[in-house]
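1. requesting a structural model of the entry that follows:
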Amino acid sequence: MQRWESPDLSVVEYRAPDGQRMRFEAYTGSDFLVGRKIGARITTLGSQFEYAAIDNFYFLPTTALEPGAGQDQAVGQQVHSFYRESATGYSGSKLAKQEWAVLGSKIPGTVRSWCRAQWHGANFSHEVRTGPFPLALAGGPPNFPTGFPDSWDAPGGIRVNPDSLVLNAKFLGDTAVGSVQVRNREGSRQTIAVNAADDGHFIISPRMYTIRAGETKRVSVKYEGATRAGNTGTFTIAAGQQRFVVSLRGAIRPGAERP
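-> Got it, this is the predicted structure:
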């Protein structure tokens, strides 16, 4: 994994050997719709992030009225105060947090952003910023978050969802189709094997899948020859040392009749 930084520290980009990329970027500018804007964003190319978080610290000029702890300027001179805003997201390719104002209105001139994301089988964090820096502050510096949120799963592995399927046919002998999603949360390609008993009712094909880093694939299951009593079964999805068991239930849809 390569890390690239722009000279002004407004952009940090992570580049994986397979061509996938993730970028932390602080930006400022203006457009016709929102006027002036300043903020930060996390974007990915080639795969989605699992989780992402942005903590923006916006800096506004003010005037020092009295001495204070950590204050960098004398009374009457310009200093900067700051405030914080945050955003979180999951299973996406873009997360942004910004401040905006119509042209001519007051807006922060500097943002320091602490960006965090889980992507390509690992957790990443880094600061990006834009605007004048360093600044004289009206107090101590901002406290960036440490570590990663407790709500985030550990990186890596595969994820299977859901862990059970109910397949409802319309009438006796009919078929029904469902699927489960298998997501590769590792930083490299993974091969998964699907093991299921061939009982003549639940059919799964193919039985082997190759999933790129950050990719999600569907494992399809067909229920054939629906019986009045219904049928049950299971199948296993295996990747490396991980094993997931998915339960199956086939039945005739309640109230359904053969046309």
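2. can you give me the neighbour number for residue 159?
-> 15 (other C-beta atoms under 10 Å). For the C-beta atoms, the positions are set from N, CA and C on the backbone; glycine is no exception.
3. what bridges to it?
-> Here residue 159 shows beta-bridge partners residue 183, assigned using DSSP bridges.
4. low pLDDT regions in the stretch 1-150 of the chain?
-> 32-34, 63-77, 102-105 (pLDDT under 70).
5. what ranges do the strands span in the stretch 1-150 of the chain?
-> 2-5, 11-15, 21-31, 35-45, 49-63, 78-92, 94-101, 110-119, 122-130 (DSSP state E, counting those that start in this stretch).
6. deepest of the ones you listed, which one?
-> Mean neighbours per residue, mean count of other C-beta atoms under 10 Å, is largest over those for strand 110-119, with a mean of 24.
7. what average pLDDT does stretch 236-245 get?
-> In this model, stretch 236-245 carries a mean pLDDT of 92.
8. buried residues, that stretch. List them.
-> Buried residues in stretch 236-245, counted by 16 or more other C-beta atoms under 10 Å: 237, 239, 244.
9. neighbouring strands - and their directions - for whichever strand or helix holds residue 165?
-> Residue 165 belongs to strand 164-169 when assigned by DSSP states H and E. Strand pairing for strand 164-169, determined by DSSP bridges: strand 242-252 (parallel).
10. the strand it pairs with: how far from the chain's middle?
-> 27 Å (C-alpha atoms, centre = their mean, to the nearest Å).
11. cool, and stretch 194-207?
-> 32 Å.
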